[in-house]
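The following comprises the amino acid sequence and a computationally predicted model.
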Amino acid sequence: MTRPRHLINSLTDNGQPRRTRARPEGLALRFVLIIGDPRLADAHHVSCRLDTVRVDFPETSVRITVSRLPSDAKGTILLECRAEYRAPDGRSPARSSSWRRVLTGRPGAAHQREELLREILAARTRSVVRRAPVSLRYLAAAV
């Protein structure tokens, strides 16, 4: 019994279906080494999928979209960053912030990974800085 040609390539030698893996794609995969970085050890979630790097800390969620700049053939990339800061109860986002950053060089190079980590850590520390409550005496003196 002969099998159709398209089934011959998709079966193993013992007749079982061949398992195929989806080919990894996207620029975020070039930054996958940040997952093991000790500075992100207390993050709840770190992922690099397609063109998005996502890091979730207890108080902050950072999402960075990585894309190539179309005008530059040298490999310059654009980071579109967004951070959501959770309310003290930890349930709903209290506020969010977004910014952009351009990185030069080969995508995923060591200096670019370091810059990406700096952006993530800087976004996290922005939420930690809180204004001290203003003293009522200070307000009364100002009046």
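Received the coordinates, thanks. Just so it is clear, the structure is predicted and the values come from calculations on it, not from any experiment.

Which parts of this protein are helices?
Remark: helices assigned in the chain by DSSP state H are 5-8, 110-128, 136-142.

How much space separates residue 75 from residue 69?
9 Å (CB to CB, to the nearest Å). Every C-beta, even on glycine, is put in place using the N, C-alpha and C of the backbone.

Check residue 94 too.
33 Å.

what about residue 125, neighbour count?
By the criterion of other CB atoms under 10 Å, residue 125 has 9 neighbours.

Tell me the pLDDT of it.
pLDDT for residue 125: 81.

swap in the one 10 residues further on?
Per-residue pLDDT puts residue 135 at 47.

same check, this time on residue 97
Note on residue 97: pLDDT of 90.

Contacts only, for it.
82, 83, 85, 123, 126 (CB atoms under 8 Å, 6 or more residues apart in numbering).

Return the closest of the residues you listed with respect to residue 36.
Relative to residue 36, the closest of the contacts of residue 97 is residue 123; by CB to CB it sits at 19.7 Å.

residues near the closest residue to that closest one other than its chain neighbours, how many?
In space, and not counting its chain neighbours, residue 123 is closest to residue 83: 4.0 Å by CB to CB, 6 or more residues apart in numbering. Residues contacting residue 83 under the criterion other CB under 10 Å number 24.

Can you list the low-confidence ranges for the protein?
1-25, 71-74, 90-93, 127-143 (pLDDT under 70).

can you do 90?
1-36, 48-50, 58-59, 68-77, 85-96, 102-109, 124-143 (pLDDT under 90).

where exactly do the strands run in it?
Remark: strands assigned in the chain by DSSP state E are 45-49, 52-56, 60-68, 77-86, 93-103.

could you check the angle strand 60-68 makes with the longest one?
Put simply, strand 93-103 runs at 30 degrees to strand 60-68, going by axes from the mean of the first three to the mean of the last three CA atoms, to 10 degrees.

May I see the buried residues of strand 93-103?
residue 103 (16 or more other CB atoms under 10 Å).

Residue 114: how many residues sit nearby?
Look at residue 114: counted by other CB under 10 Å, it has 12 neighbours.

quick one: it from residue 122, how far?
12 Å.

what's the answer for residue 26, then?
24 Å.
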